[in-house]
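Peer 1: Kindly generate the corresponding structure for this input.
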Amino acid sequence: MHEWLYRNESNLTTNYPPIEFMKQILGIIAAVAIAAGSAYAGCGKKTTVTGTLSYDKDTKSLAIEGTTKPIQLQATTEVKDADGKETDIADLDGKKVDVVHEHNKADSVAPAKAS
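Peer 2: Numbers count the residues shown, from 1 in each chain. This is a model prediction of the structure:
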């Protein structure tokens, strides 16, 4: 144990922890606080993009009119037609669609709803 933990009535300066020990404790607390705060930064943010779809079959990427980066298709991407049934992405090429994506990876593609 640290000697500063034992109260010494004759010398009051030993009643306080050493500065180096306190710096270590504060450093650990700061590191944990930063790690916990950044762990949830931007996670779970899904964006919906509406526009005309152009699909590149070779790279499996979607380009939506008005977006700057192509959106990558995943194996789990849901592609639905106007009736809500699963369809091939090539059937929606050139049509107006809604694409829900996260970090430029498509989660779902469906025809745009008339507004």
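
Peer 1: got a list of contacts for the least confident helix or strand in the chain by mean pLDDT?
Peer 2: The weakest-scoring helix or strand in the chain, judged by mean pLDDT, DSSP states H and E, is strand 71-72 (a mean of 77). Strand 71-72 has contacts (C-beta atoms under 8 Å, 6 or more residues apart in numbering) with 49, 60-64, 99, 101, 104-106. C-beta coordinates here come from the backbone N, C-alpha and C atoms, glycine included.

Peer 1: Kindly recompute the last result at 7 Å.
Peer 2: Residues outside strand 71-72 that contact it (C-beta atoms under 7 Å, 6 or more residues apart in numbering) are 60-62, 64, 99, 101, 104-106.

Peer 1: among those residues, who's most crowded?
Peer 2: Highest neighbour count within the contacts of strand 71-72: residue 62, with 26 neighbours (other C-beta atoms under 10 Å).

Peer 1: ok so, going back, now the two most distant members of the contacts of strand 71-72.
Peer 2: Spatially, the most separated pair among the contacts of strand 71-72 is 60 and 64, at 14.7 Å (C-beta to C-beta).

Peer 1: What distance do you get for residue 70 to residue 21?
Peer 2: Relative to residue 21, residue 70 is positioned 53 Å away (C-beta to C-beta, to the nearest Å).

Peer 1: And the two? Which one has more around it.
Peer 2: Shown here are residue 70 and residue 21; by other C-beta under 10 Å, residue 70 has more neighbours (16 against 11).

Peer 1: quick one: pLDDT of the nearest residue in space to the more buried one that is not next to it in sequence?
Peer 2: Spatial nearest neighbour of residue 70, chain neighbours left out: residue 61 (4.0 Å); criterion: C-beta to C-beta, 6 or more residues apart in numbering. Among the per-residue scores, residue 61 holds a pLDDT of 81.

Peer 1: can you check residue 80 too?
Peer 2: We have a pLDDT of 87 for residue 80.

Peer 1: Tell me how many other residues crowd it.
Peer 2: Around residue 80 there are 15 other residues, counting by other C-beta under 10 Å.

Peer 1: How about residue 18?
Peer 2: Residue 18 has 12 neighbours, counted by other C-beta under 10 Å.

Peer 1: Understood, closing this out.
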